[in-house]
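*Asks:* this is a predicted model, with the sequence first.
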Amino acid sequence: MERSYVTIEGKSRGYYLLVTLLGLGSSSLVVSFLVAYLKGQQMWGVSNIIPWGQLIILYIYFIGLSAGAVIISSLGYVLKWDFYKPITRLAVFLGILLMVGAMLFVFVDLGRPEKFWRLFGYYFLNNMTSLFVINSIFYVGYITLMVLYLWLIFEKKKRWATIVGTLDVIWAVSVHMGTGAIFGLIGNREIFFSPIKPFEFLAAALTSGTSLIILITLGAFKFTGRKIQEELIFSLGRLLSGLILVLLILVFVDKLTHLYFPGRESTLYLFTGNYWWLFWVFQIGMGIIIPLFLLIYPQTGRTVKGVFSASLSVMIGVFGERAALVIPGTAYPQHFFPGFIEGMWGKPGIFPVTIWETLLTLGIVSYIALLFVLGLKYLEILPARDNEAIAGMEGRNPLIETVG
Amino acid sequence: MQVVHVLRDEELKMSLRVAAIVIEVMILTAMIYSFFLGLRLTLSDLGLQPKYERFLKLALTTLGVFILTFFIAHLILFYPEFIP
């Protein structure tokens, strides 16, 4: 039987309160952007020593979440596992919004956002061999493909959805590996430099994307009064544990290689320097060890709460992983001519968390959450409950209007 | 006396610039509105069903607000005077 999808009614007090709060949160984006644009980027705490801050951390984090969500969505339409179909629309919609969020982060981080067009100049005023340029082209193609994919799913054009979905998944893999390559190919930053960085990025994207799908599915289904098949969550939990193991292997190989190499000071700085906690507590502890334990241990791995906790831990841990890459990676000085010319005085930098950058970050996150909440009201994203009508029926169905 | 005149001139220039920015922002608002309306109508002509319109409208409206914010910031920062 064809599965049906409906919009939520969205007329409850809770819904209006949520939309109001997210609207207010989004307005902080406007204010904080104005402040930074008029006063300069130092308002974000970035400097010549640490040029990338919260915005870049969130940018790579959101791209990872988007790529992970879209790859997970392929289980339903591309691999045709019907079991995962109830979450496909949700996953693709999230993928689009997260990518829009990622683009907003990098757009405001440019400092002079009106100059973004140069990335698409195709040899005019730009460097076509730059990974930023190559990735910009990837990103535009990725968003276009995702919108097309979601539209085909909405219109129930299954054959085309499978074709575009397959292309979109390949593109999503390229997009995130490309983002990993931005870091992995910077030879002068030892913490960044690694040929397996694109694969590590992909593995982190898949773990965080799967976790996000678990969390959002549980949240959206609970707050709209839908019953979720627990086996779907357990299945995603098993998938998540496998992905975390892959990530663990890649992180282990990467760090071991860096430690074996004679120029290991920056890696030692990552492990023991000012930001050791980002690596050990967040990346390793919350991103790998705690969720792996929660998922493998039978008493937690076979409960929804256990899988939920593991997913939440992964979400925080992978965010920490992005921060552990960007902040210590740039904070460690570059040794141009050791003893003579050292990048920014030869001392590791400190990154201050400023109110304006935090407000900007919260503003963009609120805006994306607002679009998601509005999307649930105006687009047929969630599967219907057993007693609800079939989406796409001729005329307006009163049952659809009363959902949520 | 001369100082008072200079101050008055400065105040006049400033208030004129504020008025000019308001007019410029109004013109830019009209342009952005026309652009997004054109985009929405083009999508409708291409066969986009009305069920997507509300969401599209909301998304484009918020995007328009962000663009206008940028224009206001840009005008204040880079064009503080009539004739730089």
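*Replies:* The structure has been received and is ready for your questions. Numbers count the residues shown, from 1 in each chain, chains lettered A, B, ... in the order given.
*Asks:* for chain B, which segments are assigned as helices?
*Replies:* Secondary structure of chain B, counting by DSSP state H: helices at B:2-45, B:53-78.
*Asks:* got the angle for the longest one vs helix B:53-78?
*Replies:* Compare the direction of helix B:2-45 with that of helix B:53-78 by axes from the mean of the first three to the mean of the last three C-alpha atoms, to 10 degrees and you get 150 degrees.
*Asks:* what's the offset of helix B:2-45 from the middle of its chain?
*Replies:* In terms of C-alpha atoms, centre = their mean, to the nearest Å, the centre of helix B:2-45 is found 6 Å from the chain centre.
*Asks:* any part of that helix near chain A?
*Replies:* No: using C-beta under 8 Å from any C-beta of the partner chain, helix B:2-45 stays clear of chain A, with a minimum separation of 10.4 Å. For every residue, glycine as well, the C-beta is placed using N, CA and C.
*Asks:* tell me the contacts of the closest residue in space to A:V46 that isn't next to it in sequence?
*Replies:* Nearest residue to A:V46, sequence neighbours excluded (C-beta to C-beta, 6 or more residues apart in numbering or on different chains): A:G53, at 4.6 Å. Residues in contact with A:G53 (C-beta atoms under 8 Å, 6 or more residues apart in numbering or on different chains) are A:W44, A:G45, A:V46, A:V326, A:I327, A:F351, A:E357.
*Asks:* circling back: now the helices of chain B as TSV including mean neighbour count and mean pLDDT?
*Replies:* Below are the helices of chain B laid out as TSV (neighbours: other C-beta atoms under 10 Å in any protein chain shown; pLDDT from 0 to 100):
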stretch	mean neighbour count	mean pLDDT
helix B:2-45	12	84
helix B:53-78	16	86
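*Asks:* number of nearby residues for the nearest residue to A:D82 once chain neighbours are set aside?
*Replies:* Leaving aside its chain neighbours, A:D82 sits nearest to A:G76 (7.3 Å; criterion: C-beta to C-beta, 6+ apart). A count of nearby residues for A:G76, using other C-beta atoms under 10 Å in any protein chain shown, gives 22.
*Asks:* surely A:G76 meets A:V92?
*Replies:* No: contact between A:G76 and A:V92 fails when scored by C-beta atoms under 8 Å: they sit 9.4 Å apart.
*Asks:* what's near enough to touch residue 21?
*Replies:* Reading this off chain A. Counted by C-beta under 8 Å, 6+ apart, A:L21 has contacts A:S366.
*Asks:* nope, chain B
*Replies:* B:I72, B:L75, B:I76.
*Asks:* out of the contacts of A:G53, which is nearest to chain B?
*Replies:* When the contacts of A:G53 are compared for distance to chain B (C-beta to the nearest C-beta), A:W44 comes out closest, at 15.1 Å.
*Asks:* how near is the closest residue to A:F282 other than its chain neighbours to A:S313?
*Replies:* Excluding the flanking residues, the one nearest A:F282 by C-beta to C-beta, 6+ apart is A:G320, at 2.1 Å. With the distance defined as C-beta to C-beta, to the nearest Å, A:G320 ends up 10 Å from A:S313.
*Asks:* the most centrally placed residue in chain B and chain A, how far apart?
*Replies:* Residue closest to the average C-alpha location in chain B (C-alpha atoms, centre = their mean): B:V25, at 3.2 Å. Per C-beta to the nearest C-beta, to the nearest Å, B:V25 is found 13 Å from chain A.
*Asks:* can I assume that residue is in contact with B:I67?
*Replies:* No: contact criterion C-beta under 8 Å: B:V25 and B:I67 do not qualify, at 11.0 Å.
*Asks:* ok so, going back, from the contacts of B:I21, which are also near chain A?
*Replies:* Near chain A, by the rule C-beta under 8 Å from any C-beta, you find B:I72, B:I76 out of these.
*Asks:* closest to chain A among the contacts of B:I21?
*Replies:* For the contacts of B:I21, the residue nearest chain A by C-beta to the nearest C-beta is B:I76; the value is 6.6 Å.
*Asks:* surely the closest one meets A:V35?
*Replies:* No: using C-beta under 8 Å, B:I76 is not in contact with A:V35, being 11.8 Å away.
*Asks:* correct me if wrong: A:L125 contacts A:R118.
*Replies:* Yes: if you go by C-beta under 8 Å, A:L125 and A:R118 touch, sitting 5.0 Å apart.
*Asks:* tell me which of those two has more neighbours.
*Replies:* A:R118 (14 against 10).
*Asks:* sorry, back to before: now the residue nearest to the centre of chain B: closest residue in space that isn't a chain neighbour?
*Replies:* Closest to B:V25 by C-beta to C-beta, 6+ apart is B:I72, at 5.9 Å.
*Asks:* which residues touch the one you found?
*Replies:* The contact partners of B:I72, taken as C-beta under 8 Å, 6+ apart, are A:L34, B:I21, B:V25.
*Asks:* hang on, the earlier thing: would CSV of the helices of chain B with distance to A:V6 be doable?
*Replies:* Output for the helices of chain B, formatted as CSV (distance: least, C-beta to C-beta, whole Å):
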stretch, distance to A:V6
helix B:2-45, 23
helix B:53-78, 15
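*Asks:* so which of these gets nearest A:T257?
*Replies:* helix B:53-78 (42.8 Å; C-beta to C-beta).
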